[in-house]
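>>> Sharing a sequence plus its predicted fold:
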Amino acid sequence: MRMILVLVAFAVAWIPGLSRVDAETPEEKGLRIATEARERQKGFGNFTANMIMVLRNKRGEESTREVRIKVIEVENDGDRTIFVFDRPRDVKGTAFLVHAHKEEADDQWLYLPALKRVKRISSSYQSGSFMGSEFSYEYMGASEIEKYTYRHLGDEPCGDLVCDVIERFPTQEDSGYSRQVLWIDSAEQRTVKIEYYDRRESHLKTLLVDSYNLYLDQFWRAGRMAMTNHLTGKSTDLNWSEYAFGTDLDLNDFTQTALKRTR
Amino acid sequence: MITVLRDNGNMTGSTAHRAKDVAISAIPAILAVFIATPSLAETFVEVFTRLSAETRIYPDSAAHPGQRSHASGLTGETTIYVEDDEGRSITVTPFYRYDAVDRERTHADLRDAYLLVYGEAGDGEWELRLGFDRVFWGVTESRSLVDIVNQTALTGSPGDETKLGQPMAHVTLSGEAGVFEAFAMTWHRPRTLPGRKGRLRGGMIVNNDGVSYESGAEEWHVDLAGRYSNSFGPFDVGLSVFDGTSRDPTLLPTLKGLVPHYEQIRQFGLDAQYTSGPWLLKLEAIHRSGARNNRFDPANGRFEEEDYAAFVTGAEYTIWSLWDTDADLSLIAEWNRDDRGRWATNAFENDLLLAARIGLNDEMSTEFFISVFSSLEDDSKVVSGEFKRRLDDNWFMSIEGTAYADVATSDILYDVRRDSFIGLNLDYSF
């Protein structure tokens, strides 16, 4: 009898879900949810999309950026991305290539069409503004799990859904943020809100994400992202359209040679 | 943009009128080839145009007779890009520049007129570009030392790196082992150089119709080049070789006056950059044989042939989020050296560049750039500043100024010592 109890105890301990929930610290839970959310986005292969950014200053004046984006997944490495700028017209044809890495700094090259020149640029400062918008380079790249540590803060209702609230801390010193708080819906692991805190612990920015669409019955992609800077009163809306998955892009389309012929 | 004279060829000059005519007549020919291509079913067409106006004032009285105290020009360029459903494309960019003062700076060109095809080759790929194209090699700010495929175009600004289109066949093979490129070029483009009324030239006007070549094939000599490039983590490295007609003219005194002469040269080049954190470390180096130096030998009435090596090396350091704003500050220091010393054919025999760039990273992409180029041989200095800002979705402006200070009589810049200027450029793109 005692033997059976011991065996049952063992068996229970080995049921992954049960034992993990019991032993899971807020840090482990945060990491688990972030990892699950990231895993759900994996396996897309490649995609292309268009984005229109509307930048608004505190007087409400608007300016627009139009960018086309191509992304490919790389086995055991970060994604590779090409951004092609269409507007404003002075940067028309400028293209930006990112080879993201899981732990070390990303590699980045910029193609300047007027001189047909490819420039390797530093990727260290990820908090820099992307095209003068409220979005940073850090945000534009895929956020690799390894670049943060996590902590689960609790559950909160978010709209009709329930969200896990997770805090994440950048592991790279040169991030402009000390921490970020994410609201991730528990049903589909979609990020619906992020709050950004700067090094002085002031609430710098808030990102709201909505208009999600499901592609290939598997991948949720946001239609709209709205970032507000609480310090300056500026905001940027990022509107996504024309998502296309399973294109004929391959790794050869994400090289410096390919960057020079990108349109 | 550094505003320094590239070399003595830039200060005196000619326009290749024959080049204009051939360039213009090539446009319909290339369009005809494309229209005849059968696979036009699913094509992607894009047209992009940029118009620019510039005006420039030279406050100092001229050093040479005939030179004017102002300059202004209008430039137009349209790129037509057509791609079929298999990724094959044709790019055509006719260019025209009208100069209100210096007739020699007025020129038409085919910046691009090429067919581009590519495909898989093992795990990597091949690419072929055929036609007028522009190719850039190099990493440094001071000058483009290694860059050699294209001829420099004469525009309003001496620091402008604008290039003339060069007819070529350009094959690229890329893969895990790196990028291998081979170039075959013909129809040499003589440099377009300032005329009598223009500033930033030498004391003597060059007879543009007197262009001469060392090669019996003249401008039809087939020039060959190769390049290997690769990235090794933070290192980007390029090795290149060029064998053919020099892009830099030697100005020869002849019975027809001063004429541009182009030698057959061979150049080996190295360009490298190390990118880590806020640091960019850069190096460009060349070894060139077959070119003439700047030492005139009165006995046989010509400049001496001298093999030489030259390099430019330096660093760029960036401070992000300056004073807790979105602005970046980049500090640049580069050392230029040419082992011909005072017989070098350019102003880079032993010179130091110190520069700072501030980018505000605002929605107007406001940028300030200031640089001091100083000779380590004498007191000559070139101080330049530039301010750039977007005005709206289509308009972009820049203001630039250059001052030549304490230019020594022995310095190659002595001819342009009174050509300090301030200029305004406006671009409209659509």
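Yes, it's here.

>>> wouldn't B:Asp406 be in contact with B:Val382 here?
No: B:Asp406 is beyond contact range of B:Val382, at 10.2 Å (criterion: Cβ atoms under 8 Å). No exception for glycine: its C-beta is placed from N, CA and C like everyone else's.

>>> More neighbours: which of these two?
B:Val382 (26 against 12; other Cβ atoms under 10 Å in any protein chain shown).

>>> With adjacent residues omitted, what lies nearest to that one?
Spatially, and ignoring its direct neighbours in sequence, B:Val382 is nearest to B:Phe373 (4.2 Å; Cβ to Cβ, 6 or more residues apart in numbering or on different chains).

>>> neighbouring strands for the helix or strand harbouring the one you found, and are they parallel or not?
According to DSSP states H and E, B:Phe373 maps onto strand B:367-375. Partner strands for strand B:367-375, per DSSP bridges, with pairing direction: strand B:350-359 (antiparallel), strand B:381-390 (antiparallel).

>>> Pull out the CA atoms of the last one and give them to me as PDB.
In PDB, the C-alpha atoms belonging to strand B:381-390 read as follows (Å, rounded to 0.1, in the frame of the first residue of the first chain):
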ATOM      1  CA  LYS B 381      42.500  73.900 -43.600                       C
ATOM      2  CA  VAL B 382      39.100  73.200 -45.100                       C
ATOM      3  CA  VAL B 383      36.200  73.800 -42.800                       C
ATOM      4  CA  SER B 384      32.800  72.600 -43.900                       C
ATOM      5  CA  GLY B 385      29.400  72.700 -42.400                       C
ATOM      6  CA  GLU B 386      26.000  71.300 -43.500                       C
ATOM      7  CA  PHE B 387      22.500  71.500 -42.200                       C
ATOM      8  CA  LYS B 388      19.800  69.200 -43.600                       C
ATOM      9  CA  ARG B 389      16.100  69.000 -42.900                       C
ATOM     10  CA  ARG B 390      13.000  67.600 -44.400                       C
END
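
>>> Centre of the chain to it, how far?
18 Å (Cα atoms, centre = their mean, to the nearest Å).

>>> ok, back up a step: what's the strand holding B:Phe373 in contact with?
B:1-4, B:142, B:332, B:347, B:349-360, B:380-389, B:408, B:411 (Cβ atoms under 8 Å, 6 or more residues apart in numbering or on different chains).

>>> What residues sit buried inside it?
Neighbour counts using 16 or more other Cβ atoms under 10 Å in any protein chain shown place B:367-369, B:371-375 of strand B:367-375 among the buried residues.

>>> and if you look at stretch B:64-76?
B:64, B:67, B:71-73, B:75.

>>> for the residue lying closest to A:His99 once chain neighbours are set aside, what are its contacts?
In this structure, A:His99 finds its nearest non-sequential neighbour in A:Asp107, 4.2 Å apart by Cβ to Cβ, 6+ apart. Contact analysis of A:Asp107 by Cβ under 8 Å, 6+ apart lists A:98-99, A:101, A:120, A:123, B:231.

>>> of those, buried ones?
Among the contacts of A:Asp107, those scoring as buried are A:98-99, A:101, A:120, A:123, B:231 (criterion: 16+ other Cβ under 10 Å).

>>> Which of those sits closest to A:Gln256?
Within those, the smallest distance to A:Gln256 is 7.6 Å, found for B:Ser231 (Cβ to Cβ).

>>> Neighbours of the residue in the stretch 201-350 of chain B that chain A sits nearest to, how many?
When distances are taken as Cβ to the nearest Cβ, the stretch 201-350 of chain B reaches nearest to chain A at B:Trp320, 3.9 Å away. B:Trp320 has 20 neighbours, counted by other Cβ under 10 Å.

>>> what's the spacing between it and A:Met227?
19 Å (Cβ to Cβ, to the nearest Å).

>>> Equivalent analysis for B:Glu141, please.
From B:Glu141 over to A:Met227 the distance is 33 Å, taken as Cβ to Cβ.

>>> is it true that A:Ile166 touches A:Gly154?
No: look at A:Ile166 against A:Gly154 with Cβ under 8 Å: they stay out of range, at 9.4 Å.

>>> quick one: which of these two has more around it?
More crowded of A:Ile166 and A:Gly154, by other Cβ under 10 Å: A:Ile166, with 26 against 9.

>>> residues in contact with the more buried one?
Taking Cβ under 8 Å, 6+ apart as the test, what A:Ile166 contacts is A:30, A:33-34, A:150-153, A:181-182, A:184.

>>> rerun at 10 Å
A:26, A:29-34, A:37, A:148, A:150-154, A:180-184, A:191, A:194 (Cβ atoms under 10 Å, 6 or more residues apart in numbering or on different chains).

>>> got it, and A:Asp86?
A:50, A:52, A:65-68, A:92-94, A:263, B:46, B:48.

>>> Turn those residues into TSV, columns for neighbour count.
Formatted as TSV, the contacts of A:Asp86 follow (neighbours: other Cβ atoms under 10 Å in any protein chain shown):
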residue	neighbour count
A:Asn50	16
A:Ile52	15
A:Arg65	23
A:Glu66	16
A:Val67	22
A:Arg68	17
A:Lys92	19
A:Gly93	20
A:Thr94	18
A:Arg263	14
B:Glu46	15
B:Phe48	17
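
>>> Could you list the low-pLDDT ranges of the chain?
By default, I'm working from chain A. Applying pLDDT under 70 to chain A flags residues A:1-22, A:140-143, A:173-174.

>>> actually it's chain B I care about, not the one you picked
Ranges of chain B meeting pLDDT under 70: B:1-41, B:155-160.

>>> all helices for it, in order.
Ranges of helices within chain B are B:17-36, based on DSSP state H.
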